[in-house]
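K.L.:
need coordinates for the following:
(one chain, ligands or ions: 1)
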Amino acid sequence: MNTVSDPVVIVGGGQAAVQLCLALRKEKYDGEIMIFSAESEPPYHRPPLSKAYITGQADDSKLAMRPESFYPAKNIQLKLNDEVLSIDASAKTIASASGKQAYSSLVIATGAVARPLQIEGRDAKAVYELRDIHDARSIKAALEKANHVVVIGAGFIGLEVAAAANQSGKKVTVFDMADRVMGRAVAPLISHWFEKTHRAAGIDIHLQESIKGIVSDDSGHVTGVERNSSEILEAQLVLIGIGVLPNSDIASAAGIQCDNGVVVDKYCRTSNPHIYAAGDCANHPNVFADGRRVRLESIQNATDQARVIASAIVAGGEATRAYGAVPWFWSDQAEHALQMTGLSFDADSYAVRGEPASASFSVFHYRQQQLLAVDSVNSSRDHMLSRKMLAAGVSPTPEQVEDTSFNLLDLVKSAK
Ligand SMILES: Cc1cc2nc3c(=O)[nH]c(=O)nc-3n(C[C@H](O)[C@H](O)[C@H](O)COP(=O)(O)OP(=O)(O)OC[C@H]3O[C@@H](n4cnc5c(N)ncnc54)[C@H](O)[C@@H]3O)c2cc1C
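P.N.:
Purely as a prediction, here's the structure:
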């Protein structure tokens, strides 16, 4: 028999889970909270894994989201190595590796899994995807020994790893089937700037080219990749970074509506009134996409959705606070900081602020004269101002954007 005093159960021990705990305690929720994590490590930051961690510039001590003492101090049961296997939505229980647990509210924060690449030779040793700390440790160890690294996929993670490996003195080759790097996420000018910059730093980039297969030696260790021309390119480490898939199998098996992730409403509620979902696994309506459904894979999204869920749980399941945070994301590639805000899917024109040649500039995306999104390269000021403009519904004209003597902050101030 369930009671309201049953704990809030969180499935997954990542970004959204920790933020939810913080937000619940901040909102004075004093009931029990349980995190079920399939991982063996307490929650840690994923972004450094594809950047400073694999080159040894950041070590394990920098990764933990909170010290281990945080969880008992906040009356949070952190259950590691305890994968949730199924949800019984009508009984309001979950079954995990350690047994059955009743919940008052359930939060699905299961993140995403790396999209698998079906390719001959995929099982060779030292061929990795990068999603968790174990992948990162393996990549770090393999990188130390490798001379030549091949990266398949020129998205954020692929390029971050390529840049990090290149900075550690490795020969790096990147392949992508698309005609530009990070093509699904940034403006063409940004793609071309990064392509040129990475090439200038020594990374070999092949666009509109897929790989035929991965070749290995008698011990099963990767020795190279086979190009479509049948040329074999030597490699001792292959990183596959071709995107992710939402981790929603246990939700759909429980009869919770899923479609490219767990379907939630603007309050992050699933099709079941006692079950919420947040983060990479949640397919949600986003006001910055005209209310259309999207799934965002970012720290911002996981964090802000967790806060929305905390408000609803504290309010006894009442919908109080809708998700409407301005989307933002960053990607550090070598010494360059790419920061993006807004959602740029429907852009029909662009305006550029600053000079790409100076390595500090921003591309403003517009649809029918309305500002949609801004991608900034080495310009945190533009990024922060753009977040404020998008939040306030301020849309500078392309002329104002292109005129660097025009103070965008004045527009933000005048909107208040
Ligand atoms: C290498 C890397 C670099 C990144 N860099 C950036 C960046 O620079 N900027 C940025 O904004 N974002 C970045 N991201 C994305 C960001 O980390 C994610 O968007 C964020 O972690 C999503 O949070 P989440 O809580 O939804 O999922 P996660 O943090 O992925 O946590 C999900 C957790 O759920 C666990 N889990 C899954 N199923 C179960 C189950 N059945 N039972 C128990 N546990 C389960 C998983 O093992 C995992 O620990 C990066 C991600 C990666 C992998």
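K.L.:
okay, stretch 143-151 in CSV with CA atoms only?
P.N.:
Output for stretch 143-151, consisting of C-alpha atoms alone and laid out as CSV, is shown next (Å, rounded to 0.1, in the frame of the first residue of the first chain):
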residue,chain,number,x,y,z
LEU,A,143,45.2,7.9,-25.9
GLU,A,144,48.5,7.7,-24.0
LYS,A,145,49.6,4.8,-26.2
ALA,A,146,48.1,5.9,-29.5
ASN,A,147,50.0,7.7,-32.3
HIS,A,148,47.0,8.2,-34.5
VAL,A,149,43.4,8.8,-33.4
VAL,A,150,40.4,8.5,-35.8
VAL,A,151,37.2,10.2,-34.8
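K.L.:
what ranges of the chain fall below the confidence cut-off?
P.N.:
Applying pLDDT under 70 to the chain flags residues 1-4.
K.L.:
near the ligand, which residues of it show up?
P.N.:
Taking C-beta under 6 Å from any ligand atom, the part of the chain that reaches the ligand is made up of 11-17, 36-39, 46-47, 49-50, 83-84, 109-111, 130-131, 157, 247, 250, 279-281, 297-299, 302, 329-331. From N, CA and C alone the C-beta is placed, and that goes for glycine too.
K.L.:
which residues sit against stretch 73-87?
P.N.:
By C-beta atoms under 8 Å, 6 or more residues apart in numbering, the list of residues contacting stretch 73-87 from outside reads 7, 11, 13, 21, 25, 30, 32-43, 70-71, 93-98, 106, 250-251, 253-254, 256, 275.
K.L.:
derive a PyMOL selection command for the buried subset of these.
P.N.:
To isolate the buried subset of these in PyMOL, counting by 16 or more other C-beta atoms under 10 Å, use the following:
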select buried, resi 7+11+13+21+25+33+34+35+36+37+38+39+42+43+70+71+93+94+96+106+250+251+254+256+275
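K.L.:
I'd like to know which of the contacts of stretch 73-87 are part of strands.
P.N.:
Counting by DSSP state E, the contacts of stretch 73-87 place 11, 33-36, 93-96, 106, 275 in strands.
K.L.:
which two from these end up farthest apart in space?
P.N.:
For the ones in strands among the contacts of stretch 73-87, the farthest-apart pair by C-beta to C-beta is Ile33 and Ala95; their separation is 18.8 Å.
K.L.:
could you chop this structure up by domain?
P.N.:
Structurally, the chain divides into domains by automatic domain parsing as follows: 8-113+244-314, 116-240, 335-415.
K.L.:
nearest residue to the residue in the stretch 1-150 of the chain that the ligand sits nearest to other than its sequence neighbours?
P.N.:
With C-beta to the nearest ligand atom as the measure, the residue in the stretch 1-150 of the chain that lies nearest the ligand is Gly14; the distance is 1.9 Å. Once flanking residues are discounted, Gly14 sits nearest to Gly111: 5.2 Å by C-beta to C-beta, 6 or more residues apart in numbering.
K.L.:
show me the contacts for that neighbour.
P.N.:
Gly111 makes contact with 12, 14-16, 247, 279-281 under the criterion C-beta under 8 Å, 6+ apart.
K.L.:
dump the residues you listed into TSV; add distance to Arg122 as well.
P.N.:
Written out in TSV, the entries for these read as follows (distance: C-beta to C-beta, whole Å):
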residue	distance to Arg122
Gly12	26
Gly14	26
Gln15	28
Ala16	30
Asn247	20
Gly279	27
Asp280	23
Cys281	24
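K.L.:
for the residues you listed, which two are the farthest from each other?
P.N.:
Spatial extent of the contacts of Gly111 (C-beta to C-beta) is set by the pair Gln15 and Asn247 at 13.2 Å.
K.L.:
so the two - more neighbours on which side?
P.N.:
Neighbours per residue (other C-beta atoms under 10 Å) separate Gln15 from Asn247, with Gln15 holding more: 27 against 22.
K.L.:
Ser90 - how many residues pack around it?
P.N.:
Ser90: 9 surrounding residues under other C-beta under 10 Å.
K.L.:
returning to that earlier point: pipe the domains of the chain into a markdown table and attach distance to Arg321 per row.
P.N.:
Formatted as a markdown table, those follow (distance: least, C-beta to C-beta, whole Å):
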| stretch | distance to Arg321 |
| --- | --- |
| domain 8-113+244-314 | 4 |
| domain 116-240 | 28 |
| domain 335-415 | 15 |
